[in-house]
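Undergrad: please find the sequence and the predicted model below.
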Amino acid sequence: MTRFGVHTGLQHTTAGELRVLWRRVELLGFDWISIWDHFYGATGRADDAACLEAVTMHAALACETERVTCGSLVYSIGYRHPAVLAKAITAVDLISGGRAAMGIGAGWAELEYHAYGIDFPSAGTRLDQLEEGVTVLRGLLHDETTTFEGRWFTLRDARNEPRPIQEHLPIWVGGGGEQRTLRIVAEHADGWNVPFVDPATFAHKRDVLHRHCADFGRDPGGIRCAANVGLAWTDESLRQQFGNIADRVAPGVLRGSVEEVVDRIGQYVDAGADQVNLALRAPFDVESLEAFATALGLT
């Protein structure tokens, strides 16, 4: 059964606006709400820095909702030690009554790294850090003690107490890289998320993921596959939400009539999506969100 969620950007908005939005999304019948992890907005401009911090807003999401899964798509491995993230997501799980999901990725927003003085190594190094980080997260979230000796992270009999409510708190990995990222998903993750690709590309990458699963002798059915898609009824809305990256994300943005949007969603489902998330950015178009929920029969 396909689940539907809303992925809420934290740029150019307020905590009050997000709290109202989250309550409305839950009432509309969506199963999932997530936050992103950025220090700047998504336009790619150096002067676009109005963005709320992710861990804090993840906790706020947990406090504001009662039913939905509270996700993150995705925390950047370069911004926080994975042990710090494990402690944070455990707190979110406790706050939410066992509704947290942990999303992690290699990071890509070079502008943010440089602005904050954070080292931005090569893609290969960031993926190495991601793989070690996921291993650390799995240990701290799923096991009583964790010992790990890596190049980037080291733990010795580390404990994460109090424990999460969920015995197996799900770990998601975000990204579409076919050689490394999807292989990391196949070996370590409970869920995979990729943003702003068209249905055919999603299906292709899902097939690649399944081939990696075969290498590890893993049942691919144990990994939830989700697509993040934008929602922009007009070209003006597309440009307003995504700025300099509008053309790059356009293949994964829903447009047209309500009927055309629902048909496009069906294409993602046919491509194997277990979950489809609407990636919304301020100013939030709640009326369109309501129309979408009604068309899908969520309300």
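TA: Nice, thanks for sending it over.

Undergrad: what pLDDT does the model give Ala46?
TA: Model confidence at Ala46, given as pLDDT, is 89.

Undergrad: so who does it touch?
TA: Counting by C-beta atoms under 8 Å, 6 or more residues apart in numbering, Ala46 makes contact with 111, 115. The way it works is simple: take the backbone N, C-alpha and C, and place the C-beta from them, glycine included.

Undergrad: can you tell me how far it sits from Val68?
TA: Computed as C-beta to C-beta, to the nearest Å, the Ala46 to Val68 distance reads 35 Å.

Undergrad: center of the protein, which residue is that?
TA: Centre of the chain computed as the mean C-alpha position; nearest residue by C-alpha atoms, centre = their mean is Leu73, 1.5 Å away.

Undergrad: from Asp128, how far off is that one?
TA: Noted for Leu73: a distance of 21 Å to Asp128, by C-beta to C-beta.

Undergrad: can you check Ile171 too?
TA: Remark: distance between Ile171 and Asp128 (C-beta to C-beta) = 17 Å.

Undergrad: what's the answer for Pro199, then?
TA: In this structure, Pro199 and Asp128 are 31 Å apart, going by C-beta to C-beta.

Undergrad: could you do Gln11 as well?
TA: Applying C-beta to C-beta, one obtains 29 Å for the distance of Gln11 from Asp128.

Undergrad: ditto for His114
TA: Remark: distance between His114 and Asp128 (C-beta to C-beta) = 20 Å.

Undergrad: also Ala83?
TA: 17 Å.

Undergrad: Gly78: what secondary structure?
TA: On the three-state scheme (DSSP: H, G, I helix; E, B strand; the rest coil), Gly78 is labelled coil.

Undergrad: the more surrounded of His114 and Asp128?
TA: A side-by-side neighbour count of His114 and Asp128, using other C-beta atoms under 10 Å, places Asp128 first with 19 against 12.

Undergrad: next one, pLDDT for that one please.
TA: In this model, Asp128 is scored at 98, pLDDT.

Undergrad: Ala227 now?
TA: Turning to Ala227, the model gives it a pLDDT of 98.

Undergrad: so which other helices or strands are in contact with the helix or strand hosting it?
TA: Here Ala227 is covered by strand 224-231, with elements defined by DSSP states H and E. Where contact means 3 or more C-beta pairs under 8 Å, 6 or more residues apart in numbering; DSSP states H and E, strand 224-231 is packed against strand 191-195, helix 199-215, helix 235-242, strand 253-254, helix 258-270, strand 275-280, helix 286-296.

Undergrad: for Val6, find the nearest of those.
TA: Proximity to Val6, assessed across those by C-beta to C-beta, is greatest for strand 275-280 (5.1 Å).

Undergrad: okay, the angle between the closest one and strand 191-195?
TA: Our comparison of strand 275-280 with strand 191-195, counting by axes from the mean of the first three to the mean of the last three C-alpha atoms, to 10 degrees, yields an angle of 40 degrees.
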